[in-house]
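how would this look folded up:
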Amino acid sequence: MNKDQTISVSAAEMRSTFNAILLKLGFTNDKASQCAEILTSNSIDGVYTHGVNRFPVFVQYIKEGLVDKDAEPTLQSAFNGIEQWNGNLGPGVLNAVHATDRAVQLSQQYGIGCVAMANTNHWMRGGYYGWQAARKGVVFIAWTNTIANMPAWGAVDSKLGNNPLVIALPYGDEAIVLDMAMSQSSFGAMELAAAKSKKLKVASGYDKEGNLTDDPSAIIESRRPLPIGYWKGAGLSLLLDILAAILSGGSATHQITAAGKEKGLSQVFICIDIAKLDNHSIIAKTVTGIIEDYHSSVTGKDGSSITFPGERVLQTRKENSANGIPVLRTIWDEIQKLKT
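A predicted model of the protein is given here:
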């Protein structure tokens, strides 16, 4: 980030600031602390769009009553390793932590656990829950639907959500964590690039005239981001939405969109306890061999380093923990005003 646009905020200060604002809004000590920790953790890991940058929106949704700070998830039905829960429009991050923990518990009991959550809210950064599960030694697969913000392939109006998907597994003392939206660039990434007056790395959508562009502001205005892999990403987005709705018994993207605000989402959390597999003793060696071969890739002329999903997060986490979290001045000023 450009130094003229940013300040450095320590993790402790950010966590304390978030906590104080949430307490002022009437959160219990435990809920305020947990939300503050998750949003700070996302920022430490460099996912500012779903950490510090998202905090003012989170507060606004609470004030508008779209997020019920006092709500708790409730079990709707259960059959062996699969459960359906109602998030009751509670804070999405807290519902997601609960669902992940429950899916881990079910996997430890049955080998595979699936928790489907209806009527919940934005989970912020799905990768957080991938790290959460992987640190407990299980494989994690999860996704969420969203409000419609991406056209089907060949269309110009939005009928699909960018429906983020997370896949994670333990790797040494850390994890391999894939966290991706179904759009080539997530809206959070485009909003951040636009705020810093930067172009996207690749053309990621269309402008209002239907031209492919790497201008994030033009794509946000047109609401026409490209799905990953073109028609393949559009198809994957559709199937994730269908599965989220039917497994949870909750709302699909078109129903969320009709409500006008992104609330009442449907999410799925699946965990697999690899300790129960016959080949458990050699899994770590197998993964290491795959990653070593992957890292040995011959790079192109630009000399790009080859990293597995989540690897760069480790370096960012180390840097931001030591040097402070870079925060856009405008965002931090906005957050400070929420304290008064």
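
which phi and psi values does the closest residue to Arg15 other than its chain neighbours adopt?
For Arg15, ignoring the flanking residues on the chain, the nearest one in space by C-beta to C-beta, 6 or more residues apart in numbering is Thr40 at 4.4 Å. Heads up, the C-betas are built off the backbone N, CA and C, glycines and all. Note on Thr40: its backbone torsions stand at phi -70, psi -40 [degrees, to the nearest 10].

any idea how many residues pack against Thr40?
25 (other C-beta atoms under 10 Å).

could you do Leu106 as well?
By the measure other C-beta under 10 Å, the count of residues near Leu106 is 23.

ok, now the one 3 residues further on?
A count of neighbours around Gln109, defined by other C-beta under 10 Å, yields 13.

do the same with Ile272
Other residues close to Ile272 by other C-beta under 10 Å number 19.

in the stretch 1-150 of the chain, which spans are helices?
Remark: helices assigned in the stretch 1-150 of the chain by DSSP state H, counting those that start in this stretch are 11-24, 29-44, 55-63, 92-110, 127-134.

can you redo those helices as CSV with mean pLDDT and distance to Ala259?
Putting the helices of the stretch 1-150 of the chain into CSV (pLDDT from 0 to 100; distance: least, C-beta to C-beta, whole Å) gives the following:
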stretch, mean pLDDT, distance to Ala259
helix 11-24, 98, 25
helix 29-44, 98, 23
helix 55-63, 97, 13
helix 92-110, 98, 15
helix 127-134, 98, 24
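
which of the ones you listed is buried the deepest?
Greatest average neighbour count among the helices of the stretch 1-150 of the chain goes to helix 127-134 (a mean of 25), per mean count of other C-beta atoms under 10 Å.

including distance to Gly310, could the helices of the stretch 1-150 of the chain go into CSV?
As requested, the helices of the stretch 1-150 of the chain are exported to CSV (distance: least, C-beta to C-beta, whole Å):
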stretch, distance to Gly310
helix 11-24, 19
helix 29-44, 13
helix 55-63, 23
helix 92-110, 16
helix 127-134, 7
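
of all these, which one comes closest to Lys263?
Among the helices of the stretch 1-150 of the chain, helix 55-63 comes nearest to Lys263, with 7.6 Å by C-beta to C-beta.

how near is Cys271 to Thr307?
25 Å (C-beta to C-beta, to the nearest Å).

of the two, which one has the most company?
Taking neighbours as other C-beta under 10 Å, Cys271 and Thr307 compare with Cys271 leading, 32 against 13.

tell me the bridge partners for that one.
Gly113, Phe140 (DSSP bridges).

could you measure it against Pro73, distance?
Counting by C-beta to C-beta - Cys271 and Pro73 are separated by 17 Å.

what's the answer for Leu243, then?
19 Å.

the more surrounded of those two?
Neighbour count, other C-beta under 10 Å: between Leu243 and Pro73, Pro73 has more, with 21 against 16.

isn't the more buried one right next to Gln84, touching?
No: Pro73 is not in contact with Gln84 according to C-beta atoms under 8 Å; the separation is 10.6 Å.

mind pulling up the pLDDT for Leu192?
Leu192 carries a pLDDT value of 82.

alpha carbons of the helix or strand of the chain at the bottom of the mean pLDDT ranking, in PDB - could you do that?
When the helices and strands of the chain are scored by mean pLDDT, DSSP states H and E, helix 187-195 comes last with a mean of 84. Provided in PDB are the C-alpha atoms of helix 187-195 (Å, rounded to 0.1, in the frame of the first residue of the first chain):
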ATOM      1  CA  PHE A 187     -15.600  -7.400  -5.100                       C
ATOM      2  CA  GLY A 188     -13.500  -6.800  -2.000                       C
ATOM      3  CA  ALA A 189     -10.300  -6.900  -4.000                       C
ATOM      4  CA  MET A 190     -11.800  -4.600  -6.600                       C
ATOM      5  CA  GLU A 191     -13.000  -2.100  -4.000                       C
ATOM      6  CA  LEU A 192      -9.500  -2.100  -2.500                       C
ATOM      7  CA  ALA A 193      -7.900  -1.600  -5.900                       C
ATOM      8  CA  ALA A 194     -10.300   1.200  -6.700                       C
ATOM      9  CA  ALA A 195      -9.600   2.900  -3.400                       C
END
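
check which helices and strands that helix sits against.
helix 216-222 (3 or more C-beta pairs under 8 Å, 6 or more residues apart in numbering; DSSP states H and E).

where in the chain is pLDDT low?
Filtered on pLDDT under 70, the chain yields the residue ranges 1-4.
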